[in-house]
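Q: Following is a predicted model, sequence given first.
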Amino acid sequence: MTTGICIFKTNIAAEDGKRDRHGLSGSKPPYVSHAHNTGIMLPVITYSRNVFLPLTFVCRNACGYCIFRRPPGEGCVLSPDEVMRILRCGAGAGCTEALFTFGEHPEEVAGFMPWLEDFGYSSILEYCYAMAEEALAMGLLPHTNAGIMNADEMRYLSEVNASMGLMLETTADIPAHRNCPGKEPARRIAMIEDAGRLKIPFTTGLLLGIGETSSDRRESLEVIAGLHRRYGHIQEIIIQNFCPKPGTDMSAFPGATLQDIQETVRMAKEILSPDIAIQIPPNLADAAKVIPCGVTDLGGISPVTIDYVNPEHPWPALDELRVLTKGYTLKERLCIHPEYIRRGWFHPGLRDCIKNLENAVHMRGTSVIPAKPLYEGKAKSVYSSEKPDELIVVFRNDMTAFNGVKHDKFTGKGKLNATASEFFMKMLEAEGIPTHFIRMSAPDTMIVRRLEMIPLEVIVRNVAAGSMTKKYPVAEGTVLDWPVVTMDYKDDERGDTMINDDLIQVFHILTAEELIQVKKMAMDVNRVLSRFFDECGIRLVDFKLEFGKAAGTIYLGDEISMDSMRLWDKVTGESFDKDVYRFDKGDVITAYRNVLKRIIPDVEM
């Protein structure tokens, strides 16, 4: 993304061949807000509201720790009527997810098929597919944990599932899995890999305390990390502790300690990509003591059904979740995470259900991002909001230079810029400069006021650098006698050409009074930021701003971040901005983090 990104460009309509009366391309799409929100943004913990539907307890595996498995017999298949009853209860309770789970390949267990055939189905996957269709009809998104499946079976179920899952459990060969053909690590890894090839948003995880060692856990996490690097499909990893059950072979097994769980969560945070949510089941562990280790998700919580795998551990109620997550922002999500909705990693037949549930969750007070953006910039995406005067802006991990010729992605970059932009917008609001900022809904997501954007890029220069030294006879690093304000007309097709005051008024972009106001606001921003950066040991060389209007008021819009500023260390002259990437001066993410450490010393990165 170039500095001064035009997320809300005025030349979008040019694609339709439209021109305004001055021959300038485009209408002015809306953007963005100000709010006197001076609180520090809290870390986010997510969860999903679900119903748990165990279609059958019959399973070909005989794990030493499991009480879920039962032999074929009366009631071994959850009837369609009972499935429908649970789905209706879930829909009535505001659930968004139908979690379908069942024993692995129950057809291989003698005596099972007659019970399934009584309901008119020839396989458990066929039955699951049919019940998933019923869930969708009632407005719930299916997520299926079916045990081992091949690629064709997953492709089949993906038509009616928003996401799927399979616990890796461990890469170790342990006695607990001795009679379990489906628990062979290589087979489970192969299925997770197939899910990646199929672009299925996927959940996996580790089961702790079943005979594995700490080094086994590390190896399992590294395998998962490697699969995600290759396919980018792991939404979340569950760090689940085994709970000994009476009547099982491992009833006297000690299981995992609290320290084991905490250490594994820390290990996951160290090894896994930051875009993988780290989940613990809050009904199984001392969640309040584990969450600070790096937990970002609490999984599916059901207000309707029990945890059939661990029935002795009831789900916490929503009020209890809020207590557990004190000091965090608790946010509801769908079973398909926002990133995968934005990527379009779902069957077209699920689109309406996803959209409706996004709206429902949004109305409950969270910010779920719609599937399709209003506009895609070089490094930000803009989405509509349920509130007509607001928009949702997502800071992506893209980095571009030279008008998009150079383009890369850096993990965490979007969050770094969003954090900086939030910080500076709040600072400027406190100084009486109105901005579009309302609040943060996630570390990389900002809620903003919808503005009619002014098609100008306003550049303030304190030191000669960049294009100024190429266009004019001035050496880089020359301190200017006073701050210089210039403006470019925002239009990619015309190369964002410089524009003067007369043209701005002749083209009715701004009135004379508005032009004076914009320049004053730009100088006020420079005064505030220059003083602040000077105290942090940083020289503010230059920066770019964009402005917009709402109800007759001019607001500062877009972003103020390392992408939109040129920053040098006051002593060494080291660059802390996008020039590090543009001219291959080093690690740009390290540079951006250095800025944040100076301006917000206690920021979590």
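A: Yep, it's here.
Q: Contacts only, for E457.
A: G4, C6, M487, D488, Y489, K490, D496, K544, L545, E546 (Cβ atoms under 8 Å, 6 or more residues apart in numbering). Any C-beta I mention is one placed from the backbone N, CA and C, and that applies to glycine too.
Q: For K331, give its distance to E358.
A: To E358, K331 is 13 Å away according to Cβ to Cβ, to the nearest Å.
Q: who has more neighbours, these two?
A: Between K331 and E358, E358 has the larger neighbour count (other Cβ atoms under 10 Å), namely 23 against 19.
Q: Can you name every helix or strand that the strand or helix carrying that one contacts?
A: Assigned by DSSP states H and E, E358 falls within helix 351-363. Helix 351-363 sits against strand 141-145, with contacts defined as 3 or more Cβ pairs under 8 Å, 6 or more residues apart in numbering; DSSP states H and E.
Q: Paired strands for the strand it packs on, with orientation please.
A: Partners of strand 141-145 in the sheet, by DSSP bridges, are strand 97-102 (parallel), strand 163-165 (parallel).
Q: okay, the angle between the helix or strand following that strand and strand 141-145?
A: Later in the chain than strand 141-145, the nearest helix or strand by DSSP H and E is helix 151-158. Interaxial angle, helix 151-158 versus strand 141-145 (axes from the mean of the first three to the mean of the last three Cα atoms, to 10 degrees): 150 degrees.
Q: Buried ones in the helix holding E358, by neighbour count?
A: Within helix 351-363, the residues that count as buried by 16 or more other Cβ atoms under 10 Å are C353, I354, L357, E358, V361, H362.
Q: report the angle between the axes of that helix and strand 97-102?
A: Orientation of helix 351-363 against strand 97-102 (the same axes, to 10 degrees) gives an angle of 120 degrees.
Q: start at 25 instead
A: Yes, from this point I'll number from 25; that puts the last item at helix 375-387.
Q: Now helix 375-387 - C-alpha only, PDB.
A: Output in PDB follows, covering the C-alpha atoms of helix 375-387 (Å, rounded to 0.1, in the frame of the first residue of the first chain):
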ATOM      1  CA  ARG A 375     -23.500 -17.500   1.100                       C
ATOM      2  CA  ASP A 376     -27.000 -16.400   2.200                       C
ATOM      3  CA  CYS A 377     -26.800 -18.200   5.500                       C
ATOM      4  CA  ILE A 378     -23.300 -16.700   6.200                       C
ATOM      5  CA  LYS A 379     -24.600 -13.200   5.300                       C
ATOM      6  CA  ASN A 380     -27.700 -13.600   7.500                       C
ATOM      7  CA  LEU A 381     -25.700 -14.900  10.500                       C
ATOM      8  CA  GLU A 382     -23.100 -12.100  10.000                       C
ATOM      9  CA  ASN A 383     -25.900  -9.600  10.400                       C
ATOM     10  CA  ALA A 384     -27.400 -11.400  13.400                       C
ATOM     11  CA  VAL A 385     -24.100 -11.500  15.200                       C
ATOM     12  CA  HIS A 386     -23.400  -7.900  14.300                       C
ATOM     13  CA  MET A 387     -26.800  -6.900  15.800                       C
END
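Q: quick one: average pLDDT of the next helix-or-strand element following that helix?
A: As assigned by DSSP H and E, the chain's next helix or strand after helix 375-387 is strand 399-400. The pLDDT scores in strand 399-400 average 86.
Q: Give me the packing partners of strand 399-400, helices and strands only.
A: strand 404-408.
Q: Can you list the strands that the strand it packs on pairs with?
A: If you go by DSSP bridges, strand 404-408 pairs up with strand 399-400 (antiparallel), strand 414-419 (antiparallel).
Q: Nearest to C83, out of the ones you listed?
A: For the strands paired with strand 404-408, the distance to C83 is smallest for strand 414-419, at 41.1 Å, taking Cβ to Cβ.
Q: For the closest one, give the mean pLDDT please.
A: The average pLDDT within strand 414-419 is 91.
Q: List the buried residues for that strand?
A: In terms of neighbour count (16+ other Cβ under 10 Å), strand 414-419 has its buried residues at E414, L415, I416, V417, V418, F419.
Q: so who does the fourth one touch?
A: Counting by Cβ under 8 Å, 6+ apart, V417 touches I31, V56, K404, S405, V406, Y407, T469, M470, I471, V472.
Q: any idea which of these is closest to S244?
A: T469 (30.8 Å).
Q: And the nearest residue to that closest one once chain neighbours are set aside, how far from A156?
A: Spatial nearest neighbour of T469, chain neighbours left out: V418 (5.2 Å); criterion: Cβ to Cβ, 6 or more residues apart in numbering. To A156, V418 is 29 Å away according to Cβ to Cβ.
Q: now swap in I325 and tell me
A: Distance of I325 to A156, computed by Cβ to Cβ: 20 Å.
Q: Please state the offset of the helix holding E382 from the chain centre?
A: In terms of Cα atoms, centre = their mean, to the nearest Å, the centre of helix 375-387 is found 16 Å from the chain centre.
Q: what's the answer for stretch 543-557, then?
A: 32 Å.
Q: before we move on, what about stretch 369-389?
A: The chain centre lies 15 Å from the centre of stretch 369-389; the measure is Cα atoms, centre = their mean.
Q: returning to what we had before: now, among the contacts of V417, which is nearest to R290?
A: T469 (25.9 Å).
Q: correct me, but that closest one touches A442?
A: Yes. Here T469 reaches A442: they are 7.1 Å apart, a contact under Cβ atoms under 8 Å.
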